[in-house]
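# can you look at this prediction? I've put the sequence above it.
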Amino acid sequence: TTLFRSAGTNVDIFCPLINGLTLVLATKREQQSPSLLGACMKKHHVEALHITPSALLRYLEDSRFEESLSNLKRITLSGEPLSPGVVARTRACTQAVIINLFGTSEVQACAFTRVVSGEKSDLGSPAYGARLYLLDEDGKLHETGETGQRIEGELCIGGMPAQYSYYIGREELSAQKFTLVKGHGRIYHTGDKALLQEDGRMYLGGRADGLVKLHGQRLEPGEVAAAMEAYPGIDRAVADVRGDGPEARLFAWYVPSTDSEKQSGGGASH
């Protein structure tokens with residue numbers, strides 16, 4: 001039995017059914033109440049849950065919902081970046097396999113990976129018909145599975161999902177994001193930075209278009225937030241540059257973990 005919190009897409013609805021599972025759609029009232037959602041999961045003997053990382057972290061503040069996770073066999077997280085803090089918090093109350101579902105709305109291509117607490121998660125294997133590439137600074141494409149060198153570049157998606165333009169009526173934008181590459185066909189440029197390790201695994205590394213300048217220095221707010229989330233006691237973080245010229249400042253906000261909230265009284269800081 002799989003629990004999904006909203007109607008979602010055809011993939012979210014029909015994939016469980018095609019694979020012989022029972023699909024439980026949580027009501028709006030249950031979605032708004034972690035306790036009721038936990039009771040729903042127990043009532044229907046739910047073994048799999050599909051949810052966003054931020055929603056899961058918020059629901060885990062409720063003890064009844066936390067208890068309902070003990071019977072889960074699989075948790076699929078999608079829609080947002082998955083931080084180590086969310087994984088560690090989830091691991092504390094369930095032994096379920098955690099699957100990080102990566103995808104883009106433009107091509108609906110996903111990659112799955114099993115995540116182990118304390119380890120950096122790679123993009124895993126591409127979905128059926130999709131291909132994952134790394135585009136280096138010289139314009140050369142590298143596929144996952146290659147070995148022997150460490151390469152940085154932009155994550156691109158090819159194969160079946162990249163054959164159709166998402167930007168209807170915006171030909172210039174489509175031409176920029178969807179390009180033809182000899183030997184690889186049409187690919188979609190995600191704008192995400194990626195790292196291809198020597199062992200052939202690929203890791204995300206923030207947005208390629210997210211660089212900003214602060215007093216002459218280039219920085220990536222997403223990387224600042226990721227570094228903060230790796231610090232004990234921080235579950236989620238976000239960073240941004242506010243102000244112009246000499247008055248510009250780098251600000252960061254964070255949500256403390258449950259233990260930190262007990263110690264400090266909770267609340268966001270900057």
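Received it, and whenever you're ready, just let me know what you need.

# can you give me the strands for the stretch 101-250 of the chain?
Taking DSSP state E, counting those that start in this stretch as the test, the strands found in the stretch 101-250 of the chain are 110-114, 125-126, 130-135, 141-143, 151-159, 178-181, 185-196, 202-207, 212-214, 217-219, 234-242, 249-256.

# may I see those organised as TSV, with mean pLDDT and mean neighbour count added?
Just so you know, the C-beta spots here come from the backbone N, C-alpha and C atoms, and that holds for glycine as well. TSV is the format used below for the strands of the stretch 101-250 of the chain (pLDDT from 0 to 100; neighbours: other CB atoms under 10 Å):
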stretch	mean pLDDT	mean neighbour count
strand 110-114	72	18
strand 125-126	78	18
strand 130-135	87	22
strand 141-143	86	17
strand 151-159	88	21
strand 178-181	86	14
strand 185-196	87	20
strand 202-207	78	19
strand 212-214	75	12
strand 217-219	74	11
strand 234-242	87	18
strand 249-256	92	16
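
# let's have these in CSV, adding distance to D62.
CSV is the format used below for the strands of the stretch 101-250 of the chain (distance: least, CB to CB, whole Å):
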stretch, distance to D62
strand 110-114, 26
strand 125-126, 34
strand 130-135, 36
strand 141-143, 43
strand 151-159, 36
strand 178-181, 43
strand 185-196, 33
strand 202-207, 30
strand 212-214, 37
strand 217-219, 37
strand 234-242, 15
strand 249-256, 16
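
# so where's this structure shaky on pLDDT?
For the chain, applying pLDDT under 70 flags the ranges 1-11, 105, 108-109, 117-120, 146-147, 164-168, 209-211, 216, 258-270.

# could you check how far the residue positioned nearest the centre of it is from A252?
By CA atoms, centre = their mean, the chain has its centre lying nearest to P81, at 3.1 Å. Noted for P81: a distance of 16 Å to A252, by CB to CB, to the nearest Å.

# in this structure, which spans are helices?
Ranges of helices within the chain are 10-18, 28-32, 34-43, 53-59, 63-68, 84-91, 171-177, 221-229, 258-264, based on DSSP state H.

# tell me which of these lies nearest to G124.
Proximity to G124, assessed across the helices of the chain by CB to CB, is greatest for helix 84-91 (14.4 Å).

# ok, which of the strands of the stretch 101-250 of the chain comes nearest E172?
Counting by CB to CB, E172 lies closest to strand 178-181 out of the strands of the stretch 101-250 of the chain; the figure is 11.4 Å.

# I'd guessed K193 sits against C156; true?
No - here K193 does not reach C156: they are 11.6 Å apart, not a contact under CB atoms under 8 Å.

# report the contact partners of the closest residue to P53 other than its chain neighbours.
Using CB to CB, 6 or more residues apart in numbering and skipping the chain neighbours, the partner closest in space to P53 is V86 (4.6 Å). Applying CB atoms under 8 Å, 6 or more residues apart in numbering, we find V86 in contact with 53, 56-57, 77, 235-236.

# the same query, at a cut-off of 10 Å, please.
Taking CB atoms under 10 Å, 6 or more residues apart in numbering as the criterion, V86 is in contact with 52-54, 56-57, 60, 77, 80, 98, 100, 115, 117, 229, 235-236.

# ok so, going back, can you list residues touching both of K193 and C156?
Contact criterion CB under 10 Å, 6+ apart; residues shared by K193 and C156: L134.

# verify the contact between R218 and V212 for me.
Yes - when contacts are counted by CB atoms under 10 Å, R218 is listed as touching V212 (7.4 Å).
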